[in-house]
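*Asks:* Just a sequence and a predicted model for now, questions to come.
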Amino acid sequence: MAQKEEKRQRGLDLLRVISMFLVVILHLLGRGGVLAAAPYGSGAYQVAWLLECGAYCAVDCYGLLSGYLLCRSRCRSEGLVRLWFQVLFWSAGLTALFALAWEPVSGKRFLASCLPVVTEQYWYFTAYFGVYALAPFFNRLIAHLSARSFRQLLAVGFVLLSLLPTLAGGDPFQTEGGYSFLWLAALYFAGAYLRLHGRVRRHPLWYLAGYAGCVLAAWGSKWALETVSLLRTGAVSGGGRFLTYPSPLILGAALCLFFACSGLKLRGRLWGTVLGFLAPASFGVYLIHVQPFVFNRWLDESLAWLPALGGWRVLVTVPALALGLYLLCTVLEWGRLLLFRLLRTSALERRVGAWLDRFRLPEPEEAAEKP
């Protein structure tokens, strides 16, 4: 049983690595300027948007992983404190480095980098912070739901937050296209259901085929909607209706990728070594390359020249650059991890976490002991 759990954990670590790699691709295509620079209808345009559709499920995968991993966790405050220190290091640290090496930074800007949650330096961390803080309450609710009631809850959430907004082309329940605490909380419940009641029923190749089908459907829908708009109005618009995090096609791609990875049997030391190096640093990859100065100064329009070279060069160059950026950020994050070990920050994390735990929701067994 322990070996089976270890193999499944390796599959989830692989999913974490793949998801973050896809996030880097998204940012190179978007912030890097590839999508904006590609002429409509060109080969570069089609290839760039195919990559975009393939990578778009990354955030949903991370949200599912959060619910899967935390639904049976005690969600101690120490984990949140550790995450806060990590975010603060890269947010404030890179801001200070930029101020020393390149140009002056205002005191207000530096203060904002020291308060990453309230100033939304990283939208995902802000949303995740809220989810983690409420996870003990979520878990208590989940513990009292039967499998049938849980499915009904997820069905209602899917209709309200995914299906209706996509079909209507609006955002009636303010998920902000998935860039929100609300959508991340919904993914938490979906991931928890996968942990408690989900099963890998088919070979991973079937799920990879499902992922490919969802990606091609999202890509095809964009092409079809833009073609109709061009014929009717003479302008290209409306192609992104199925390209949001709550979109059924994007959510379907994330679920397929989740099942494909969790069903893999990753044996041997090589997998353990590779994933042991990449997976623990995956969130650091996000924090480094999305740090506002890096994101808005260095990545902004950095690849706008690429579409002019043709579609096949976009297909090869964007993943290659994403891999290089991923590995660079991984090495930097491991440097931070080693530094924190030398400074023994874990002791401070435990003390602060223990103090915060005094105000947390008691676990069910703890509450039962009290008269």
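*Replies:* Yep, that arrived.

*Asks:* Okay, now the unreliable bits of this protein?
*Replies:* When the per-residue scores of the chain are filtered using pLDDT under 70, the ranges that remain are 1-8, 360-371.

*Asks:* Go ahead and flag the most central residue of it.
*Replies:* The centre of the chain sits closest to residue 59, judged by CA atoms, centre = their mean, with a distance of 3.0 Å.

*Asks:* give me the number of residues near the closest residue to that residue other than its chain neighbours?
*Replies:* Sequence neighbours aside, residue 245 is the residue nearest to residue 59 in space, at 5.4 Å (criterion: CB to CB, 6 or more residues apart in numbering). (C-beta placed from N, C-alpha, C; glycine too.) A total of 23 residues lie near residue 245 under the criterion other CB atoms under 10 Å.

*Asks:* got the contact list for residue 245?
*Replies:* Residues near residue 245 by CB atoms under 8 Å, 6 or more residues apart in numbering: 56, 59-60, 175, 177-179, 183, 251.

*Asks:* which one of those sits closest to residue 285?
*Replies:* Of all the contacts of residue 245, the one with the least separation from residue 285 (CB to CB) is residue 59, at 13.9 Å.

*Asks:* Show the contacting residues for that closest one.
*Replies:* With contacts defined as CB under 8 Å, 6+ apart, residue 59 is in contact with 19, 23, 124, 178, 245.

*Asks:* now the residues you listed in CSV, with secondary structure?
*Replies:* Shown next, in CSV, are the contacts of residue 59 (DSSP: H, G, I helix; E, B strand; the rest coil):
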residue, secondary structure
19, helix
23, helix
124, helix
178, helix
245, coil
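
*Asks:* Columns distance to residue 32 on top of those, output as JSON lines?
*Replies:* Converted to JSON lines, the contacts of residue 59 look like this (distance: CB to CB, whole Å):
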{"residue": "19", "distance to residue 32": "19"}
{"residue": "23", "distance to residue 32": "13"}
{"residue": "124", "distance to residue 32": "19"}
{"residue": "178", "distance to residue 32": "21"}
{"residue": "245", "distance to residue 32": "20"}
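
*Asks:* Max pairwise distance over those: which two?
*Replies:* By the measure CB to CB, 19 and 178 form the most distant pair in the contacts of residue 59, at 14.0 Å.

*Asks:* Could you pull out the helices in the stretch 151-300 of the chain for me?
*Replies:* 164-168, 181-197, 204-233, 248-262, 269-278, 282-289, 292-293 (DSSP state H, counting those that start in this stretch).

*Asks:* give me the number of residues near the nearest residue to residue 305 once chain neighbours are set aside?
*Replies:* Taking CB to CB, 6+ apart as the measure, residue 305 lies nearest to residue 37, with 7.5 Å between them; neighbours along the chain are not counted. Look at residue 37: counted by other CB under 10 Å, it has 17 neighbours.

*Asks:* Can you give me every residue that contacts residue 37?
*Replies:* By CB under 8 Å, 6+ apart, residue 37 lies in contact with 303-308.

*Asks:* out of those residues, which are buried?
*Replies:* Buried members of these, counted by 16 or more other CB atoms under 10 Å: 303, 306-307.

*Asks:* In terms of distance to residue 116, which of these ranks first?
*Replies:* Of all those, the one sitting nearest residue 116 is residue 303; the distance, using CB to CB, is 26.6 Å.

*Asks:* Three-state assignment for residue 303, please.
*Replies:* Using three-state DSSP as the criterion, the local structure at residue 303 reads coil.

*Asks:* Tell me how far it lies from residue 219.
*Replies:* Using CB to CB, to the nearest Å, one gets 20 Å for the distance from residue 303 to residue 219.

*Asks:* what do you get for residue 128?
*Replies:* Summarising the geometry, the distance separating residue 128 from residue 219, computed by CB to CB, is 29 Å.

*Asks:* what's around residue 98, how many residues?
*Replies:* That count, for residue 98 with other CB under 10 Å as the rule, works out to 21.

*Asks:* quick one, phi/psi of it?
*Replies:* For residue 98, the backbone dihedrals are phi -60, psi -40 (criterion: degrees, to the nearest 10).

*Asks:* check contacts around it.
*Replies:* With CB under 8 Å, 6+ apart, residue 98 has these contacts: 105, 293, 297.

*Asks:* Pull the contacting residues for the first one.
*Replies:* By that I understand residue 105. 95-96, 98-99.

*Asks:* cool, and residue 160?
*Replies:* residue 173.

*Asks:* same question, the one 4 residues further on
*Replies:* With contact set as CB under 8 Å, 6+ apart, residue 164 has these partners: residue 172.

*Asks:* gap between it and residue 325?
*Replies:* According to CB to CB, residue 164 stands 37 Å off from residue 325.

*Asks:* just to revisit the earlier point, name the nearest of the contacts of residue 245 relative to residue 11.
*Replies:* Of all the contacts of residue 245, the one with the least separation from residue 11 (CB to CB) is residue 60, at 17.0 Å.

*Asks:* ok, that closest one touching residue 186?
*Replies:* No - between residue 60 and residue 186 there is no contact under CB atoms under 8 Å: 9.9 Å.

*Asks:* one step back: which one of the buried ones among the contacts of residue 37 sits closest to residue 273?
*Replies:* For the buried ones among the contacts of residue 37, the residue nearest residue 273 by CB to CB is residue 303; the value is 31.9 Å.
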